[in-house]
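Visitor: predicted model and sequence below, questions to follow.
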Amino acid sequence: MRLDLNTHMLEQLNLHFISAASGRLLGGLLVTLELSAIVMVVSTFAGFAVAILVMSPFRLLRLPVRAYIEVFRCTPALVQIVWFFYCVPVLFNVFWEPFTMAVMALSLNLTAYNAEAYRAAIQSIPKLHSDASVALGLNRWHFNRYVVFPQALRLALPVLVTNTIGMIQQSALVALVAVEDLMYVTKSIASSTYRPVEIYTVAALIYFAIAFTLSRVVALIERRNRQLMERA
Amino acid sequence: MTSEFVSIHGLHKSYGDKVQVLSGIDRAFSRTDRIVVIGPSGGGKSTLLRCVMGLEQIDAGQICLEGEAYVRVANRRTVIDRAVQRRIGMVFQHYTLFPHLTVRKNLVLAPVKAHGFAPSKANSDAERLLARFGLTDKLDVYPAQLSGGQKQRVAIARALMLEPKLMLFDEVTSALDPELVSEVESMIAELADGGMPMMIVTHDMTFARNIATQVLFCAGGVIAEAGSPEQIFSDPQQPRTRDFLRKMRSDEGFRT
Amino acid sequence: MIYSFDFSILIKYLPALLRGLMITLEVSAVSILAGIVLGFLLAIARQFGGPWLATPAMAIVEFVRGVPVLIQIFWVFFCLPAIIGMDIGSTLSAALALTLFMGAISSESFRAAFATIDKDQYDATVALGMPMRVTMLYVILPQALIRATPTLLSNAITVFKESAIVSAVGMADIMFVGRNISSASGHPIEILTVVAAAYFIVAWPMTLLVGNLERRRLERMSAA
């Protein structure tokens, strides 16, 4: 029985293996965190820009942006990632590192979701909405940056962080296109050591720890927002 | 005492350690009684009614119907005899009709699914009840399409489906527009004429005076004063009662 | 090397892609339906179950929502067989993982729906002498289902998109087929675009429907 196999292997515990495994896991985790951080930062700003564009009165501007948002919200992240990795190099005759392509694909995805969050936030406050409309002219960039963006950001923050948690979950998918993140390392160790249970469980716990921490952050932000609104 | 129909003994209820909602209620009523409980908000009158219905946990005491103690405390837990509880019907302030069911389904659901009535009997009972109260054309209508007064009358009919021995009314007209109040109060008066024992919590002093055989003034978790409607409304003994009635009268004066 | 488009291969591979799409739809549908049932049970456990039921239910929901679904499907496929000593095929693993996912996110939908059901209705059911089972089945469940429908629909769309993951454990859904054909034919752009389009054609109208339902609900609530 397989359980016997595991306990037998447990007796042949190799400390060097354990430390090497955790070293590799740490490396994968760092890749995941770095990837997620860059995507999050990019999408926080890009999401706002896209939100402003999609509220533009100019059809020529609004419709393509709307199409981008809909496409990236209605197709699986895996399809987007695979498409990016297989098609973009061939289509544009460019060669980027897998990590870079993963950042781009995930950013396109998270930006689309963030844009919706910003849009909903801006449209929920009439004054903010009219400010944003005023600021749509490109020469009003300063108005947008200093007036609309901070308020929209604060309002949309809970949803933005929730979206980020979702993106971190989806980031595991880049392992399927050979980006050496936490998921990739986990799978690699699991298949080479025939001890999937321990490894996958540890990886799951790490991802969970990240998601759980961020969800506490969301709860904190929502509570602060509520307190602010009550006082106002 | 063989004339005792409902009796409450030493009823205590509190929320946590601080808030004492009911502090020792002792009361008994006969089968011919119609009890109206009046009093200020938070004074405990709704809680009292809910305890009689068996909706609340109590800390001490017991409540008996027809001599059987159906609400009591054992091992610091409230024990409720469901079989006796079934003989009591209650109508609430906010209709609480099931919004996803038609009036007919609202009426027959409990009898058929919880009490083993035959569907044919339940349906004919429902039709008969609604005919008696002039609501026949509402049988297959959804609650959302009824007025507040109609909803409340359907709620009363729904409680009557189970042939209760005692009816409880918890501020059933407080949430209604003034012009809808009388149709509901007429229905309750009709039930009273038919000999239904009842306990009513209401803010409508005129209604209370007309229908009650006994009036309880409940404030601060105790029955501060009790007596016949004539006694309470014309010549209240306690200063708290006097203050309350004076305030209610001036409010009613404003309304009319 | 300039990419040469060849759209005729779409015709050649269309049957295979359609078969893949069928698999995607089937595994999604099964997981969605089973997930709704699971979600309702989890929601009841959290809302009405004692601490022995509510805490494990909450732990399950938080865990499934906090861990990537990819890990979950790998766990079911690789780890579960090692633990229970029985082999679990890719189809069953996929269905289990997706059902668990749908169940976890739907339990939140149901809990939100429970919150909108008037507390007084429970009082009414006690006053009418209705036992818990009857109350749950005829009063709470129908209303919860009606109120949770837009969110459940939205969850279904999410699970449908997430189903692309089953390709990672070898299930022949449209993602799996698409990837294979892309590599084999050397024409990834045509094939993968069609794959993306297939998901889009199913997901987007549903998204519009959800938006419509939500808007109508808002109107109805503000009118009442």
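Guide: Okay, I see it.
Visitor: alpha carbons only for contacts and neighbour counts from here, please
Guide: Noted.
Visitor: residues contacting B:F92?
Guide: Going by Cα atoms under 8 Å, 6 or more residues apart in numbering or on different chains, B:F92 touches B:F169, B:D170, B:E171, B:V172, C:A124.
Visitor: any idea how far C:W75 is from the first one?
Guide: When you say that, I think you mean B:F169. 57 Å (Cα to Cα, to the nearest Å).
Visitor: next, count neighbours for C:M132.
Guide: The number of residues packed near C:M132 is 13, by other Cα atoms under 10 Å in any protein chain shown.
Visitor: from chain B, how far out is it?
Guide: Distance of C:M132 to chain B, given as Cα to the nearest Cα, to the nearest Å: 10 Å.
Visitor: again with C:V30
Guide: Distance, C:V30 to chain B, by Cα to the nearest Cα: 28 Å.
Visitor: which strand or helix spans the residue nearest in space to the middle of chain A?
Guide: Most central in chain A under Cα atoms, centre = their mean is A:M167, positioned 2.8 Å from the mean C-alpha point. In this structure, A:M167 sits in helix A:149-171 according to DSSP states H and E.
Visitor: on that earlier part again, got a list of what the residue nearest to the centre of chain A touches?
Guide: By Cα under 8 Å, 6+ apart, the residues touching A:M167 are A:S36, A:L106, A:L110.
Visitor: okay, now the residue of the stretch 51-200 of chain B found nearest chain A: neighbour count?
Guide: For the stretch 51-200 of chain B, the residue closest to chain A is B:A175, as judged by Cα to the nearest Cα, at 28.1 Å. Applying other Cα under 10 Å, we find 15 residues neighbouring B:A175.
Visitor: look up phi and psi at it.
Guide: phi -100, psi 10 (degrees, to the nearest 10).
Visitor: kindly report the same for C:S4.
Guide: With angles defined as degrees, to the nearest 10, C:S4 sits at phi -100, psi 120.
Visitor: how near is it to C:M22?
Guide: According to Cα to Cα, C:S4 and C:M22 sit 30 Å apart.
Visitor: same question for C:Q47.
Guide: Distance, C:Q47 to C:M22, by Cα to Cα: 37 Å.
Visitor: how about A:M104?
Guide: Distance from A:M104 to C:M22, by Cα to Cα: 31 Å.
Visitor: and the two? Which one has more around it.
Guide: Just comparing A:M104 and C:M22: by other Cα under 10 Å the higher neighbour count belongs to A:M104, 18 against 15.
Visitor: tell me the SS of B:S23?
Guide: Per DSSP: H, G, I helix; E, B strand; the rest coil, the local secondary structure of B:S23 is strand.
Visitor: in the chain, which helix or strand is least confident?
Guide: In the absence of a named chain, chain A is used. One helix or strand of chain A scores below all others by mean pLDDT, DSSP states H and E: helix A:2-11, with a mean of 54.
Visitor: the chain in question should be chain C.
Guide: Least confident helix or strand of chain C, by mean pLDDT, DSSP H and E, is helix C:80-84 with a mean of 85.
Visitor: pull the distance from that helix to the chain's centre.
Guide: A distance of 24 Å separates the C-alpha centroid of helix C:80-84 from that of its chain, computed with Cα atoms, centre = their mean, to the nearest Å.
Visitor: check which helices and strands it is in contact with.
Guide: Other helices and strands packing on helix C:80-84, by 3 or more Cα pairs under 8 Å, 6 or more residues apart in numbering or on different chains; DSSP states H and E, are helix A:2-11.
Visitor: and the next element down the chain from the helix it packs on?
Guide: Toward the C-terminus from helix A:2-11 - assigned by DSSP H and E - lies helix A:15-54.
Visitor: mind listing what's buried in the next helix or strand after that next one?
Guide: Using DSSP H and E, the helix or strand that directly follows helix A:15-54 along the chain is helix A:59-74. For helix A:59-74, a neighbour-count test (16 or more other Cα atoms under 10 Å in any protein chain shown) marks A:R62, A:L63, A:V65, A:R66, A:I69, A:E70, A:V71, A:F72, A:R73, A:C74 as buried.
Visitor: reformat those as a markdown table; add pLDDT and distance to chain B.
Guide: Below are the buried residues of helix A:59-74 laid out as a markdown table (pLDDT from 0 to 100; distance: Cα to the nearest Cα, whole Å):
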| residue | pLDDT | distance to chain B |
| --- | --- | --- |
| A:R62 | 90 | 41 |
| A:L63 | 93 | 41 |
| A:V65 | 95 | 41 |
| A:R66 | 94 | 38 |
| A:I69 | 96 | 37 |
| A:E70 | 95 | 35 |
| A:V71 | 96 | 37 |
| A:F72 | 96 | 38 |
| A:R73 | 94 | 34 |
| A:C74 | 95 | 33 |
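Visitor: okay, these in JSON lines with distance to C:S167 next?
Guide: Converted to JSON lines, those look like this (distance: Cα to Cα, whole Å):
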{"residue": "A:R62", "distance to C:S167": "35"}
{"residue": "A:L63", "distance to C:S167": "33"}
{"residue": "A:V65", "distance to C:S167": "30"}
{"residue": "A:R66", "distance to C:S167": "29"}
{"residue": "A:I69", "distance to C:S167": "25"}
{"residue": "A:E70", "distance to C:S167": "24"}
{"residue": "A:V71", "distance to C:S167": "21"}
{"residue": "A:F72", "distance to C:S167": "20"}
{"residue": "A:R73", "distance to C:S167": "20"}
{"residue": "A:C74", "distance to C:S167": "18"}
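Visitor: out of those residues, who's near chain C?
Guide: Among the buried residues of helix A:59-74, the ones lying near chain C by Cα under 8 Å from any Cα of the partner chain are A:E70, A:V71, A:C74.
Visitor: kindly report the residues of chain C close to chain B.
Guide: When proximity is defined as Cα under 8 Å from any Cα, chain C approaches chain B at C:118, C:120-121, C:123-131, C:134, C:139, C:142-143.
Visitor: now, which of the contacts of A:M167 sits nearest chain C?
Guide: A:S36 (13.6 Å).
Visitor: OK, contacts around the closest residue to the closest one other than its chain neighbours?
Guide: What sits nearest to A:S36 in space, not counting adjacent residues and going by Cα to Cα, 6 or more residues apart in numbering or on different chains, is A:I168, at 6.1 Å. Contact analysis of A:I168 by Cα under 8 Å, 6+ apart lists A:T32, A:S36, A:A211, C:P68.
Visitor: quick one, strands of the stretch 101-250 of chain B?
Guide: Taking DSSP state E, counting those that start in this stretch to define them, one finds strands in the stretch 101-250 of chain B at B:166-170, B:198-201, B:214-219, B:222-227.
Visitor: including distance to chain C and mean pLDDT, could these go into JSON lines?
Guide: Converted to JSON lines, these look like this (distance: least, Cα to the nearest Cα, whole Å; pLDDT from 0 to 100):
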{"stretch": "strand B:166-170", "distance to chain C": "10", "mean pLDDT": "93"}
{"stretch": "strand B:198-201", "distance to chain C": "14", "mean pLDDT": "93"}
{"stretch": "strand B:214-219", "distance to chain C": "22", "mean pLDDT": "88"}
{"stretch": "strand B:222-227", "distance to chain C": "24", "mean pLDDT": "85"}
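Visitor: tell me which of these lies nearest to C:M86.
Guide: Evaluated with Cα to Cα, the strands of the stretch 101-250 of chain B place strand B:166-170 nearest to C:M86, the distance being 60.1 Å.
Visitor: could you give the number of residues near C:L96?
Guide: Residues near C:L96, counting by other Cα under 10 Å: 21.
Visitor: so C:A112 belongs to a helix, correct?
Guide: Yes - under three-state DSSP, C:A112 sits within a helix.
Visitor: OK, contacts around it?
Guide: Applying Cα under 8 Å, 6+ apart, the residues near C:A112 are C:A148.
Visitor: against C:F77, how distant is it?
Guide: Taking Cα to Cα as the measure, C:A112 falls 32 Å from C:F77.
Visitor: isn't C:T125 up against C:T135?
Guide: Yes - here C:T125 reaches C:T135: they are 6.6 Å apart, a contact under Cα atoms under 8 Å.
Visitor: now the angle from the helix or strand that the helix holding A:M167 is followed by to helix A:149-171?
Guide: Where DSSP H and E defines the elements, the next helix or strand beyond helix A:149-171 is helix A:182-193. Angle, helix A:182-193 to helix A:149-171, by axes from the mean of the first three to the mean of the last three Cα atoms, to 10 degrees: 10 degrees.
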